[in-house]
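A.B. asks: Give me a model of this one.
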Amino acid sequence: MDNGLPVAEKGESLRNHVAALSGHLSFSRYFIMPAVLPSRKKPLILVVDDQPININLLERKLQRENMDVITAANGKECLEAISRVTPDLILLDVMMPEMDGIETCERLKKNPDTNAIPIIFITARSSKEGKLEGLNVGAVDYITKPIDLDETLARVKTQLRLQEIHRENLELQKRLGESRRSAAVGAVTQGVAHNLNNLLGVAVGYLDLLKTSAENPEMVRRSVALIDNAVDRMIDIIRQLSTIASIERLPMQPEPVQIVLESALARFRDEYKIQTPVIIRNLVPKGYAVRTNSEILESIFGKLLINAFESLPKTGNPDGKVEMEAHLTTTEDDTPRLILQVMDRGTGISPEVAENLFDPFITTKTAVGAGLGLTMARHAIRNLGGDIELVPRPEGGTIARLSHPVS
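C.D. replies: Purely as a prediction, here's the structure:
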């Protein structure tokens, strides 16, 4: 890549890119701090019943089991109490004046702030229809009157344990996400440091050679060209990392699929100066358009196409060729997807990198500074709501399969 800048100006450009990148990526925020678990608090139970005797019995039984209890005499008082404090569970009588338990439950389940609170109905109705009515509006369990306090306590403890497991799962998922982010940032950081170190070593080495070869014009020209190339590679790495760090919303507009394929191929040939024929097969209905960002999609295709061309044998194999294909499909949940593929008949996926193809700086190339293309491609298509995978082609070679949402 030659952008026509002198080496000194490229060095300044490199420093600017580094400064811009540091503004986007704050690595320290991804490091996981030791978890500090909050001290275990007493469960808070809200008992709602219009019969004071029932409230008194339940309150005393639950408090003896080390639970805090608040009470309400009807549905309206229940909603008022929850506006002040959020209980861990609600014991809710069905038959009450002013607002019964069914309506109260419906209101709680419609409110996103309260719809996760488990509700156990208490009622004198023992019919199947009565129980189903309560369960259908969101109750998790049903207790019939006269109240058996031991049974009620057992059911309350069961629901509290389920809630605790749910919270633990949410916390585990959160920590797992943080761990993955930390691991990804660590891999990128290590890869950047390794590659930039190598490239800087190349640049410094040839600068030292320049100092001792100032009287040899040919050596000077060769050294400057190699320094120029090393700086270009450093700028390219940092530019790509800046793109990964960007969280700007991408502008989307309808683009005909055939135009997307042809434009991607034309841009690829212009950027990489490769004129080898590519077969385009469009199985999407004529004139069909997909809402996307054509700039991003063309860039993704460029990375997939260059990977395909670099996998082709260098000895003029007549079967070595690259194809692009588009077709529509539906997922298991009947969601329509546009499938865009780059297929080659090259050397296939190396077993050494098969499981880590999309990790930063994973590559089979020997060039210093390589290994961000697929990482960038996957990051970019996921920003568009899609994904990408590489699979072996049965007849030899590789299929880069890109899925794009259809709106």
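A.B. asks: Every contact and neighbour count from this point should use C-alpha atoms.
C.D. replies: Noted.
A.B. asks: hmm, what's the outermost residue in the protein?
C.D. replies: Distance from the C-alpha centroid of the chain peaks at E215, with 55.8 Å (CA atoms, centre = their mean).
A.B. asks: Quick check: which element contains L402?
C.D. replies: strand 398-405 (DSSP states H and E).
A.B. asks: Show the average pLDDT along that strand.
C.D. replies: Average pLDDT, strand 398-405: 88.
A.B. asks: now it, how far from the chain's geometric center?
C.D. replies: Centre-to-centre, strand 398-405 and its host chain are 17 Å apart (CA atoms, centre = their mean, to the nearest Å).
A.B. asks: What pairs with it, parallel or antiparallel?
C.D. replies: The strands beside strand 398-405 in its sheet (DSSP bridges) come out as strand 336-344 (antiparallel), strand 387-392 (antiparallel).
A.B. asks: what's the average pLDDT for the shortest one?
C.D. replies: Per-residue pLDDT values over strand 387-392 give a mean of 86.
A.B. asks: Which stretches in the stretch 101-250 of the chain count as strands?
C.D. replies: Under the criterion DSSP state E, counting those that start in this stretch, the stretch 101-250 of the chain contains strands at 119-123, 141-144.
A.B. asks: Single out the most deeply packed of those.
C.D. replies: strand 119-123 (a mean of 25; mean count of other CA atoms under 10 Å).
A.B. asks: residues touching the residue lying closest to L199 once chain neighbours are set aside, list them.
C.D. replies: Among residues not flanking L199 along the chain, A230 sits closest, at 5.5 Å (CA to CA, 6 or more residues apart in numbering). Going by CA atoms under 8 Å, 6 or more residues apart in numbering, A230 touches L199, L200, V202, A203.
A.B. asks: Would you mind measuring from A230 to I279?
C.D. replies: 34 Å (CA to CA, to the nearest Å).
A.B. asks: Pull out the buried residues from the contacts of A230.
C.D. replies: L199, L200, V202, A203 (16 or more other CA atoms under 10 Å).
A.B. asks: how about the strands in the stretch 251-400 of the chain?
C.D. replies: 253-256, 278-282, 289-292, 322-330, 336-344, 387-392, 398-405.
A.B. asks: Mean neighbour count and distance to N74 added to those strands, as JSON lines?
C.D. replies: Listed next are those as JSON lines, based on neighbours: other CA atoms under 10 Å; distance: least, CA to CA, whole Å:
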{"stretch": "strand 253-256", "mean neighbour count": "14", "distance to N74": "53"}
{"stretch": "strand 278-282", "mean neighbour count": "15", "distance to N74": "65"}
{"stretch": "strand 289-292", "mean neighbour count": "19", "distance to N74": "52"}
{"stretch": "strand 322-330", "mean neighbour count": "17", "distance to N74": "50"}
{"stretch": "strand 336-344", "mean neighbour count": "22", "distance to N74": "48"}
{"stretch": "strand 387-392", "mean neighbour count": "17", "distance to N74": "51"}
{"stretch": "strand 398-405", "mean neighbour count": "21", "distance to N74": "49"}
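A.B. asks: Looks like V202 contacts D228 (just checking).
C.D. replies: No. At 10.3 Å, V202 does not count as touching D228 under the criterion of CA atoms under 8 Å.
A.B. asks: Could you find the closest non-adjacent residue to Q253?
C.D. replies: Per CA to CA, 6+ apart, closest to Q253 is R291, 5.0 Å.
A.B. asks: Residues in a beta bridge with that neighbour, which ones?
C.D. replies: Going by DSSP bridges, R291 forms beta bridges with P254.
A.B. asks: for it, what are its contacts?
C.D. replies: Contacts of R291 (CA under 8 Å, 6+ apart): M252, Q253, P254, E255, V406, S407.
A.B. asks: Specify which member of those is nearest to E77.
C.D. replies: Proximity of the contacts of R291 to E77 (CA to CA) peaks at S407, which lies at 45.7 Å.
A.B. asks: who's in contact with the nearest residue to E325 once chain neighbours are set aside?
C.D. replies: Excluding the flanking residues, the one nearest E325 by CA to CA, 6+ apart is R281, at 4.6 Å. R281 is in contact with E323, M324, E325, A326, counting by CA under 8 Å, 6+ apart.
A.B. asks: Identify the residues contacting the closest residue to the first one other than its chain neighbours.
C.D. replies: In space, and not counting its chain neighbours, E323 is closest to I279: 4.5 Å by CA to CA, 6+ apart. Taking CA under 8 Å, 6+ apart as the criterion, I279 is in contact with V322, E323, M324.
A.B. asks: if we go to 10 Å?
C.D. replies: Residues in contact with I279 (CA atoms under 10 Å, 6 or more residues apart in numbering) are K321, V322, E323, M324, E325, V342, M343.
A.B. asks: Return the distance of it relative to I143.
C.D. replies: For I279 relative to I143 (CA to CA), the value is 68 Å.
A.B. asks: same thing with V257?
C.D. replies: Applying CA to CA to V257 and I143 gives a distance of 59 Å.
A.B. asks: what do you get for I274?
C.D. replies: 74 Å.
A.B. asks: what do you get for P217?
C.D. replies: For P217, the distance to I143 - CA to CA - is 94 Å.
A.B. asks: T71 now?
C.D. replies: Counting by CA to CA, the gap from T71 to I143 is 18 Å.
A.B. asks: Also Q163?
C.D. replies: Distance of Q163 to I143, given as CA to CA: 19 Å.
A.B. asks: do the same with P285
C.D. replies: Distance from P285 to I143, by CA to CA: 58 Å.
A.B. asks: same check, this time on N115
C.D. replies: 20 Å.
A.B. asks: Helices along the protein, start to end?
C.D. replies: Remark: helices assigned in the chain by DSSP state H are 7-24, 52-64, 75-84, 101-110, 128-136, 149-212, 217-245, 257-272, 294-311, 373-383.
A.B. asks: Now the second one - C-alpha only, CSV.
C.D. replies: By that I understand helix 52-64. This file holds the C-alpha atoms of helix 52-64, laid out as CSV (Å, rounded to 0.1, in the frame of the first residue of the first chain):
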residue,chain,number,x,y,z
PRO,A,52,-56.1,-10.1,59.2
ILE,A,53,-55.9,-13.6,60.7
ASN,A,54,-54.3,-14.9,57.6
ILE,A,55,-51.8,-12.1,57.5
ASN,A,56,-50.9,-12.6,61.2
LEU,A,57,-50.4,-16.3,60.8
LEU,A,58,-48.2,-16.0,57.7
GLU,A,59,-46.3,-13.1,59.0
ARG,A,60,-45.3,-14.9,62.2
LYS,A,61,-44.4,-18.1,60.4
LEU,A,62,-42.2,-16.4,57.9
GLN,A,63,-40.5,-14.2,60.4
ARG,A,64,-39.6,-17.2,62.5
